[in-house]
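1. how would this look folded up:
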Amino acid sequence: MSNFADILKKETLAIHQQVEKTVIQRIKNVNNLDAYKMLLLDFYRFYKSIEDASLPYLEEGNYPHKPNYQRSLKIMDDLMSMGSEAPAISPINHPDISSLKEALSAIYVLEGSALGGPYIAKMLEKRGIDQSLSFFMGDGEKGMDNWQDFRRHLNELPIQENEKQELIQLVKEVFLSFENQLKTS
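-> As a prediction, this is how the structure comes out:
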């Protein structure tokens, strides 16, 4: 039997690929620092909203790697290094998160996308963006180790068969929330 992280990957592959295409299209539209700031702001709105909804459950469950799941701070650092002020944002529409299982399932989208960050950074560099790329550079050499560690924690959750479909649907909705954020600005 497959572990839950593998099930999520398989069951959300189509929406994941759809969102990747949207991200790539947005990157192709980045032709100056202002456009890059707008892209970062969209990533920030999405990440910050999902993190804010998830962190209370991670804290409540004494989840050991909470700092890794505050990637919005890296985005903010990149924005501020380009002279932007901290944006006042309203949360984006995303599925309700009301448990540790749901929080880690939502974070699955953020952590998985962090693996693609270095590729995005290279694409941006080819488009003339050569600064404020720390968010996309991610965890560097520790990236895959952090991903495997996250997967291990996700797979250790006591997820019942009847919960799997609900969590898979939640992850699909998180992907859709990200795509909607990228398309609406």
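2. gap between the two ends of stretch 22-33?
-> Stretch 22-33 has its terminal residues 19 Å apart, counting by C-alpha to C-alpha, to the nearest Å.
3. can you map out the helices along the chain?
-> For the chain, applying DSSP state H gives helices covering 4-11, 13-28, 33-60, 72-81, 100-126, 134-137, 143-156, 161-184.
4. so which of the ones you listed gets nearest Ala88?
-> Go through the helices of the chain one by one with C-beta to C-beta and the one that ends up closest to Ala88 is helix 33-60, at 10.9 Å. C-beta here means a position set from N, CA and C on the backbone, and glycine is covered the same way.
5. please state the offset of the closest one from the chain centre?
-> Chain-centre distance of helix 33-60: 8 Å, with C-alpha atoms, centre = their mean, to the nearest Å.
6. what angle do that helix and helix 72-81 make?
-> Helix 33-60 and helix 72-81 are oriented at 150 degrees to each other (axes from the mean of the first three to the mean of the last three C-alpha atoms, to 10 degrees).
7. helix 33-60 to helix 13-28, inter-axis angle?
-> Orientation of helix 33-60 against helix 13-28 (the same axes, to 10 degrees) gives an angle of 140 degrees.
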